[in-house]
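Participant: any chance you could fold what I've pasted below:
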Amino acid sequence: VQLQAFGGGLVQAGGFLRLSCAASGRTFSRYAMGWFRQAPGKEREFVAAISRSGGSTYYADSVKGRFTISRDNAKNTVYLQMNSLKPGDTAVYYCAAGGGLTPAALQHYWGKGTQVTVSS
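Facilitator: Okay, the predicted model is just below:
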């Protein structure tokens, strides 16, 4: 499966953005989907995950209550709604697809990232 993330941009602290990740192919619903991010000088970190059906979600503590992951299997798309953004959320955001909800299990396929910059 090929993934393409988009929707990043520059936003002020306290603002919001919605990222989308479009997947190619007809097997999208077979994969758990997730979002990761990488800030300059830091390792890539897990952000959120969603099960194949969308019935289960999982978040990093740093974004819990502010970010929401969702998916539309009919559109082969996964979303990340990011509210109450903080400068610490600045990073390149990547979507990923895999066989399970754990960060390790999600890393079968990667999309190109989209830059999110939050100004203070």
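Participant: please count neighbours and contacts with C-alpha atoms only from this point.
Facilitator: OK.
Participant: need the strands for the protein, in chain order.
Facilitator: Using DSSP state E, the strands found in the chain span residues 3-6, 9-12, 17-23, 32-38, 45-50, 57-59, 67-72, 77-82, 91-98, 109-110, 114-119.
Participant: want to throw the ones you listed into CSV with mean pLDDT and mean neighbour count?
Facilitator: Below are these laid out as CSV (pLDDT from 0 to 100; neighbours: other C-alpha atoms under 10 Å):
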stretch, mean pLDDT, mean neighbour count
strand 3-6, 94, 21
strand 9-12, 98, 15
strand 17-23, 97, 20
strand 32-38, 98, 26
strand 45-50, 98, 24
strand 57-59, 97, 18
strand 67-72, 98, 20
strand 77-82, 98, 21
strand 91-98, 97, 25
strand 109-110, 92, 17
strand 114-119, 98, 20
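Participant: any idea how far Asn76 is from Gly100?
Facilitator: Relative to Gly100, Asn76 is positioned 17 Å away (C-alpha to C-alpha, to the nearest Å).
Participant: I should have written Ala32 there, sorry.
Facilitator: Ala32 sits 6 Å away from Gly100, taking C-alpha to C-alpha as the criterion.
Participant: equivalent analysis for Ser62, please.
Facilitator: Here the distance between Ser62 and Gly100 works out to 21 Å (C-alpha to C-alpha).
Participant: of those two, who's got more company?
Facilitator: Gly100 (19 against 12; other C-alpha atoms under 10 Å).
Participant: if we can go back for a sec, quick check: neighbours shared by Ala32 and Gly100?
Facilitator: Shared contacts of Ala32 and Gly100, defined by C-alpha atoms under 8 Å, 6 or more residues apart in numbering, are found at Ser51, Leu106.
Participant: ok, for the residue nearest the centre of the chain, nearest residue in space, not its chain neighbours?
Facilitator: Centroid-nearest residue in the chain, with C-alpha atoms, centre = their mean: Trp35, separated by 2.6 Å. Spatial nearest neighbour of Trp35, chain neighbours left out: Cys95 (4.5 Å); criterion: C-alpha to C-alpha, 6 or more residues apart in numbering.
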